[in-house]
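1. Fold the following, please.
(chains A, B, C and D)
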There are 2 protein chains.
Amino acid sequence: MSESSLSLRRRRAGRGREEPRSPQDRAAGRPAARERPENGARATNRQGSDKRRRLGDKRDRILKAAVKVFARNGFHATRVSEVAKAAGVADGTIYLYFESKEELLFSLFEDRVGKLLSFMRDELPKKPDAPARLRAIIDMQLGLLEGERDLAEVITVILRQSTRLMKEFAAPHFNAYLDAIAKIIAEGQATGAFRQDVSPHIAARAIFGALDGITLTWALGRAEQGALGRAAGQLADVLLRGLAP
Amino acid sequence: MSESSLSLRRRRAGRGREEPRSPQDRAAGRPAARERPENGARATNRQGSDKRRRLGDKRDRILKAAVKVFARNGFHATRVSEVAKAAGVADGTIYLYFESKEELLFSLFEDRVGKLLSFMRDELPKKPDAPARLRAIIDMQLGLLEGERDLAEVITVILRQSTRLMKEFAAPHFNAYLDAIAKIIAEGQATGAFRQDVSPHIAARAIFGALDGITLTWALGRAEQGALGRAAGQLADVLLRGLAP
DNA sequence: GCAAACTGAGTGAGGATTCACTCATTGAGT
DNA sequence: ACTCAATGAGTGAATCCTCACTCAGTTTGC
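-> Next comes the predicted model:
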């Protein structure tokens, strides 16, 4: 059924639309564009912002939906169409905001983990000494994930499902984080707060791993409220005592 | 070796093919049943056995190749044909020994982790008290992987790439392992060797996570010889001190 | 010469991505 | 104020490519 095959300018012959869709079904079907209560933060913006907001809004909805769906099904088992459905947009819309399914996971990670890291950069310097900082890191990492089970699952499990993401993108952040912890340990050793006979790097990896392991089992398990907070306290107690000179 | 109890028999693995297979089900006739090398009593290795050995050898060659390729590319990015090529066999041959790509990962896991678990079951009871047992677990887990970087990567990273494998198969072993650690902690608390104010479960998760984290960064990083052994000693020192009453 | 083991080109399911098309908005022209 | 062309976000069915898996045929072992 050729239809109007004069439009072969594209690489591939046009998708043949057999029937001229009913002109009306669309309007009724998806008024999606309009709506969204949205934060009143943008109060001062005038009408022009409507479109702008709507636009930014979609991206956010897609990200939120992606966290949920990825957490439930894993990265590979998740169909882009599922994310689209969960976000209330069309499949194609996702590609207006993200290059690919992988880049979606990528953005998710950057978006959320970026927040965690910058928060940490802001808060840590306020702590007086190495032990306090170490405790703060533990509290932060576990505290921020408490109540965000989906996100926790994405970070601990899903992230590792994309080898490329893991190796190309996450590794640097990951190492930066490890280095930050190692630096705290080294600092503590310099001031005599921590024992000298452990490698800061090894300790950092072990601490990170412990946090990750606790988060993982919490996320995969029943994820009781408060459990992470309790765990954080205990872990910090044991570690600080173990690291004491 | 493994294979003894492939409890989770999976039929349709990857691409679901609905087609009503022929009456003669594969399971029965599968030559795969053909035992593995069972090499050991290979004393009288004469010429005739050359082929024979090659034959039994295949399964093992495939497993070894799979560890390597999975570690390099990840589970999903690995093509079955790559594994076949690395093993020096045809694509189809893999299906004589394994039901599906997933079952290949599955077998890999069972094969290797089975060793760790049984070793543990044999060795742990020989240790006198809880602290010694805890140290033994740490030494074992890290010691087993030292020098087996690919395997380490498969266990720590790749395993999590198959959501199903993770949930259906690994979880039980995983929990059994955690419980074993938790039991040691509880034991130590009962005998007064460990402080009372930490939850054995949380401690177990943290310890496992620490081991996992060390292994992970070691595997993804430069994987220096001896590093894991050193790490094991330090981790044990810190933990035992931290857990002391 | 037969069966078991092996091979590898071919099959087809599946799913990410594309792109021709819709239509609410915008704003220029009258 | 009122067309009406232009715009481009949004849509989703169609496309096309990638593999996991199959099986007809070949080789090897006895």
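2. mind checking the SS state of A:Gln196?
-> Assigned with DSSP: H, G, I helix; E, B strand; the rest coil, A:Gln196 falls in the coil class.
3. For it, which non-adjacent residue is spatially closest?
-> Nearest residue to A:Gln196, sequence neighbours excluded (Cβ to Cβ, 6 or more residues apart in numbering or on different chains): A:Gln189, at 5.4 Å. (Each C-beta comes from the backbone N, C-alpha and C, glycine too.)
4. Count the residues that sit near the one you found.
-> 19 (other Cβ atoms under 10 Å in any protein chain shown).
5. What is the subsequent helix or strand relative to the host helix or strand of A:Ala152?
-> Using DSSP states H and E, A:Ala152 maps to helix A:149-156. With elements assigned by DSSP H and E, the helix or strand that comes after helix A:149-156 is helix A:163-164.
6. Which stretches in chain A count as helices?
-> In chain A, the helices defined using DSSP state H lie at A:25-29, A:48-73, A:80-87, A:91-97, A:101-123, A:130-145, A:149-156, A:163-164, A:171-190, A:200-220, A:227-243.
7. Point out where chain A drops to low pLDDT.
-> Along chain A, segments meeting pLDDT under 70 span A:1-56.
8. how's it carved up into domains?
-> As assigned by automatic domain parsing, chain A contains the domains A:49-98, A:102-243.
9. related to what we said a few turns ago, highest mean neighbour count across the helices of chain A, which stretch is it?
-> For the helices of chain A, the largest average neighbour count (mean count of other Cβ atoms under 10 Å in any protein chain shown) is found in helix A:200-220, namely a mean of 24.
10. just checking, what packs against that helix?
-> helix A:130-145, helix A:149-156, helix A:171-190, helix A:227-243, helix B:200-220, helix B:227-243 (3 or more Cβ pairs under 8 Å, 6 or more residues apart in numbering or on different chains; DSSP states H and E).
11. The helices of chain A: which one's closest to DNA strand D?
-> Nearest to DNA strand D among the helices of chain A is helix A:91-97 (1.7 Å), distances taken as Cβ to the nearest atom of the strand.
12. re earlier: next, format the helices of chain A as CSV and append distance to DNA strand C.
-> Supplementary listing: these in CSV, determined by distance: least, Cβ to the nearest atom of the strand, whole Å:
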stretch, distance to DNA strand C
helix A:25-29, 3
helix A:48-73, 6
helix A:80-87, 4
helix A:91-97, 3
helix A:101-123, 4
helix A:130-145, 27
helix A:149-156, 16
helix A:163-164, 12
helix A:171-190, 22
helix A:200-220, 23
helix A:227-243, 32
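13. closest one to B:Pro172 among those helices?
-> Smallest distance to B:Pro172 across the helices of chain A (Cβ to Cβ): 12.7 Å, for helix A:200-220.
14. For that closest one, output the C-alpha coordinates as CSV.
-> Output of helix A:200-220 as CSV, limited to C-alpha atoms (Å, rounded to 0.1, in the frame of the first residue of the first chain):
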residue,chain,number,x,y,z
PRO,A,200,43.1,3.4,54.2
HIS,A,201,42.1,2.1,50.8
ILE,A,202,41.3,-1.3,52.0
ALA,A,203,39.3,0.1,54.9
ALA,A,204,37.5,2.4,52.5
ARG,A,205,36.5,-0.5,50.3
ALA,A,206,35.4,-2.6,53.2
ILE,A,207,33.3,0.3,54.6
PHE,A,208,31.7,1.0,51.3
GLY,A,209,31.0,-2.7,50.8
ALA,A,210,29.5,-3.0,54.2
LEU,A,211,27.2,-0.1,53.4
ASP,A,212,26.3,-1.5,50.1
GLY,A,213,25.7,-4.9,51.5
ILE,A,214,23.4,-3.6,54.1
THR,A,215,21.5,-1.5,51.6
LEU,A,216,21.3,-4.4,49.2
THR,A,217,19.8,-6.9,51.6
TRP,A,218,17.5,-4.2,52.9
ALA,A,219,16.3,-3.3,49.5
LEU,A,220,15.8,-6.9,48.4
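15. so A:Val69 touches A:Val83, yeah?
-> Yes: between A:Val69 and A:Val83 a contact is recorded at 5.1 Å, counting by Cβ atoms under 8 Å.
16. What separation is there between the residue nearest to A:Gln196 and chain B?
-> 13 Å (Cβ to the nearest Cβ, to the nearest Å).
17. show me the residues around that residue that make contact.
-> Residues in contact with A:Gln189 (Cβ atoms under 8 Å, 6 or more residues apart in numbering or on different chains) are A:Arg195, A:Gln196, A:Pro200.
18. With A:Ala232 instead?
-> Taking Cβ under 8 Å, 6+ apart as the contact definition, A:Ala232 lies against A:Ile138, A:Asp139, A:Leu142, A:Gly143.
19. Done for today, thanks.
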